[in-house]
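*Asks:* Provided below for reference: sequence and predicted model.
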Amino acid sequence: MDKLTALLSGLLFGAGLAISGMVNPMKVQNFLDVFGRWDPTLIFVMGSALAVTYAGYRLVLNAPRPRLAPAFVLPALQGIDERLIGGAVVFGLGWGLTGFCPGPAIASLVFGYWPSVLFVAAMAVGMVLARHLFLGSDETLSADG
């Protein structure tokens, strides 16, 4: 049941990304091009995602336990540190330069777009390097993600 739930969640997420146009890197780059071909529609995609996430967390965390797991697993770290800021900078630079973030890049693989294949491969290499460099220095890099 866990794998089926994960598959259905992933398919729903990927469909939402495709419908919203997030799998098109030009949509993101045009959103970031405020003084050129600015496309403000990404604001509505982000706002909708934030609203659904906020409502979902309120609904789910009020339950005594998750429906498909024995307990909630929430991040232990609550503060802002150098690694968080560094990761945000690297993520933002990659997003701005390529127009991809991880979810849409993976979802766009179904279209056979070679830049997304290249991005996902580079992302996988980066994940392996990060795990190798920081393994054991923080619980957030556990095998569970």
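*Replies:* Nice, thanks for sending it over. Keep in mind it's a predicted model, so treat the numbers as computed, not measured. Numbering: from 1, shown residues only.
*Asks:* from here on, just use CA atoms for contacts and neighbour counts.
*Replies:* OK.
*Asks:* all helices of the chain, in order?
*Replies:* Taking DSSP state H, the helices of the chain run over residues 2-20, 25-32, 41-61, 82-98, 102-107, 114-134.
*Asks:* closest to residue 69 out of the ones you listed?
*Replies:* helix 2-20 (8.7 Å; Cα to Cα).
*Asks:* okay, the angle between that closest one and helix 25-32?
*Replies:* Counting by axes from the mean of the first three to the mean of the last three Cα atoms, to 10 degrees, helix 2-20 lies at 60 degrees to helix 25-32.
*Asks:* hey, C-alpha coordinates of helix 2-20 in PDB?
*Replies:* Taking C-alpha atoms only, helix 2-20 is exported to PDB below (Å, rounded to 0.1, in the frame of the first residue of the first chain):
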ATOM      1  CA  ASP A   2       2.900   2.400   0.800                       C
ATOM      2  CA  LYS A   3       4.400   2.000  -2.700                       C
ATOM      3  CA  LEU A   4       1.000   2.500  -4.400                       C
ATOM      4  CA  THR A   5       0.400   5.700  -2.300                       C
ATOM      5  CA  ALA A   6       3.800   7.000  -3.200                       C
ATOM      6  CA  LEU A   7       3.200   6.200  -6.900                       C
ATOM      7  CA  LEU A   8      -0.200   7.900  -7.000                       C
ATOM      8  CA  SER A   9       1.200  10.900  -5.100                       C
ATOM      9  CA  GLY A  10       4.100  11.200  -7.500                       C
ATOM     10  CA  LEU A  11       1.800  10.900 -10.500                       C
ATOM     11  CA  LEU A  12      -0.500  13.600  -9.100                       C
ATOM     12  CA  PHE A  13       2.400  15.900  -8.300                       C
ATOM     13  CA  GLY A  14       3.900  15.300 -11.800                       C
ATOM     14  CA  ALA A  15       0.600  16.000 -13.500                       C
ATOM     15  CA  GLY A  16       0.200  19.200 -11.500                       C
ATOM     16  CA  LEU A  17       3.700  20.300 -12.600                       C
ATOM     17  CA  ALA A  18       3.000  19.500 -16.200                       C
ATOM     18  CA  ILE A  19      -0.400  21.300 -16.200                       C
ATOM     19  CA  SER A  20       1.000  24.400 -14.500                       C
END
